[in-house]
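In: okay, sequence plus prediction incoming.
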Amino acid sequence: MSHIADRIISDVGLEVGVASLTTEKIQEVVTRTLKGETGAKLKAYRETCMRCGLCSQGCHFYMSHDQDPSYSPVSKATETMYELIDKKGKVSPERIYEMAQIAFTECNLCKRCAHYCPIGIDIAYVMITVRRICYLLDVVPQYIRDTAHSHSSTMNQMWVKDDEWIDSLQWQEDEARDEFPELRIPLDKEGADVFYSVIGPEPKFRTQLIYQAAAIMNAAGIDWTMPSHPGWDNSDMCMYVGDYENMGRIKRAHYEAAQKLRVKRIVMGECGHAFRSIYDMGNRWLGYKEMPIPVIHAIEFYWDLIQEGKLKITHKYEKPVTIQDPCNVIRGRGLMDKLRDVVHYLCEEVVEMTPNREHNYCCCAGGGVINCGPPFKNTRMTGNRVKAEQLKDTGVKDIVIPCHNCHGGIEDIIGYYDLGMHGKFIGDIIYELMEKPEV
Ligand code: SF4
Ligand code: SF4
Ligand code: SF4
């Protein structure tokens with residue numbers, strides 16, 4: 001059995017943070033957080049966990065490391081939160097470094113293990129609470145810290161300036177009008193049916209996704225809009241850092257951008273964590289009982305378009321595809337059937353991964369792990385050998401992946417394990433197959 005102390009990775013954010021810690025400060029933050037923010041849940045988990053190890057098989061890290069107990073969910077909780085509870089926070093700064101590395105880089109918060117625990121202990125909740133404590137101690141990996149800082153200072157995670165955002169939308173509209181002469185990307189249209197929101201990287205280096213979404217909205221005759229002002233970026237690394245104050249600020253800005261335009265609903269692009277942040281975590285932190293405006297993920301939007309006969313394709317995608325089930329919209333929202341309806345509508349042949357649906361393995365990028373940057377890339381690659389095997393066993397080349405983070409994670413796995421496969425968003429496939437005007 002390995003131990004976290006034997007695999008410490010150098011990261012400037014963790015190192016500088018730990019350098020200014022004292023045991024007293026750690027104790028104070030741990031006590032304050034456990035008392036003020038966690039209620040009885042963690043204590044109940046600590047007291048009811050039987051150490052049966054049934055959760056181990058649920059975790060891709062454990063399975064990919066030849067069942068090394070150090071990577072089992074229960075071990076991660078024992079080495080971090082349960083120790084903090086037992087010792088009432090009286091641990092050394094070096095131990096906080098180890099705990100931060102476990103919580104930020106060896107758990108994707110994917111919640112798969114919770115399905116395997118007979119009493120429903122949610123290790124993802126335990127790990128995100130460890131992150132919260134590390135954040136309050138200022139011990140956070142540098143790359144994800146930078147992304148969260150960018151979002152909290154500029155209201156988008158990629159530092160896109162306000163005029164660059166509008167320019168990017170106008171540029172995409174301009175490009176698309178060569179192909180679809182009637183196409184518009186309507187900005188700030190009050191009372192529109194759909195407020196479409198994207199993640200920060202889309203205007204920065206995935207602009208084709210905005211182009212494709214505009215083409216689909218246009219062809220389906222949707223009354224839609226995008227905001228010209230901050231609140232357009234639905235991503236949220238503050239959530240994964242444990243900076244809940246800024247998570248709340250960012251989510252409020254997103255909702256308020258839509259409320260200001262008095263739209264009927266928010267449709268989010270193909271991103272898993274952004275959906276978790278607006279649908280599960282940010283809204284709860286803000287104390288919303290109900291969503292101020294209904295929110296749906298792109299999978300559900302495309303499903304609706306198909307039901308309403310608004311999505312017209314000229315033919316089906318001919319090559320066989322497999323489906324990546326993103327944890328945050330499958331385990332988190334139950335969209336597994338709708339995802340399959342959409343993919344089967346678009347594609348001739350679908351070869352399922354095994355296991356799939358709510359039992360699917362995470363891509364190992366999620367939970368902000370990919371955002372912890374290059375120092376931890378190898379952790380992701382060795383920690384997800386089972387995903388590589390699962391992908392390879394399908395025998396197909398194309399993977400439908402309705403989540404940005406899953407794309408990044410799976411593309412890395414494809415390269416590392418030399419799988420020769422390729423990821424596609426649903427929007428990529430719809431755009432390829434849709435009826436286009438003759439110009
Ligand atoms: S990575 Fe997923 S399965 Fe593994 S401990 Fe974290 S939440 Fe559980
Ligand atoms: S399956 Fe549940 S009870 Fe058993 S060790 Fe894991 S967390 Fe504890
Ligand atoms: S990146 Fe995708 S597979 Fe990984 S945790 Fe997020 S939704 Fe799940």
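Out: Happy to help now that I have it. Ligands and ions are numbered 1, 2, ... in the order given.
In: is residue 296 in a helix, a strand, or coil?
Out: Secondary structure, DSSP: H, G, I helix; E, B strand; the rest coil: residue 296 is strand.
In: report pLDDT for the closest residue to it other than its chain neighbours.
Out: Among residues not flanking residue 296 along the chain, residue 267 sits closest, at 5.7 Å (C-beta to C-beta, 6 or more residues apart in numbering). Every residue, glycine included, has its C-beta placed from N, CA and C. What the model reports for residue 267 is a pLDDT of 98.
In: check contacts around residue 267.
Out: By C-beta atoms under 8 Å, 6 or more residues apart in numbering, the contact list for residue 267 reads 194-197, 224, 296, 298, 301.
In: highest neighbour count among those residues?
Out: Greatest neighbour count in those, by other C-beta atoms under 10 Å, goes to residue 195: 28 neighbours.
In: quickly find the element holding it.
Out: In the assignment (DSSP states H and E), residue 195 maps to strand 194-197.
In: which residues are contacting that strand?
Out: With contact meaning C-beta under 8 Å, 6+ apart, strand 194-197 is reached by 213, 217, 222-227, 232-234, 254, 257-258, 261, 263-269, 274, 293, 301.
In: run a quick neighbour tally on residue 337.
Out: Using other C-beta under 10 Å, residue 337 has 11 neighbouring residues.
In: that one falls within a helix, correct?
Out: Yes. Per three-state DSSP, residue 337 lies within a helix segment.
In: distance of it from residue 276?
Out: Applying C-beta to C-beta, to the nearest Å, the value for residue 337 to residue 276 is 19 Å.
In: what sits against residue 58?
Out: Counting by C-beta under 8 Å, 6+ apart, residue 58 touches 73, 112-117.
In: ranges for the helices of the stretch 201-350 of the chain?
Out: For the stretch 201-350 of the chain, the helices defined by DSSP state H, counting those that start in this stretch occupy 201-205, 207-220, 237-241, 244-260, 272-276, 282-285, 298-307, 327-330, 336-346.
In: which one of those lies nearest to residue 140?
Out: When the helices of the stretch 201-350 of the chain are compared by C-beta to C-beta, helix 237-241 sits nearest residue 140, at 5.6 Å.
In: residue in the chain nearest to ligand 3?
Out: Residue of the chain nearest ligand 3, by C-beta to the nearest ligand atom: residue 366 (1.9 Å).
In: nearest residue to that residue other than its sequence neighbours?
Out: Using C-beta to C-beta, 6+ apart, the closest residue to residue 366 is residue 108 (4.3 Å).
In: shouldn't that neighbour be in contact with residue 372?
Out: No. Residue 108 lies out of contact with residue 372 (C-beta atoms under 8 Å); the separation is 11.1 Å.
In: and whichever residue of the stretch 201-350 of the chain sits closest to ligand 2, what's its pLDDT?
Out: Across the stretch 201-350 of the chain, no residue is closer to ligand 2 than residue 331, which sits at 16.3 Å (C-beta to the nearest ligand atom). Listed pLDDT for residue 331 reads 96.
In: next: residue 43.
Out: On pLDDT, residue 43 comes in at 89.
In: that one - how many residues pack around it?
Out: Quick note: residue 43 (other C-beta under 10 Å) scores 12 neighbours.
In: now it: which helix or strand?
Out: If you go by DSSP H and E, residue 43 is part of helix 41-48.
In: touching ligand 2 at all, that helix?
Out: No. Contact of helix 41-48 with ligand 2 is not found when judged by C-beta under 6 Å from any ligand atom; the minimum separation is 7.0 Å.
In: fine by me, we can end here.
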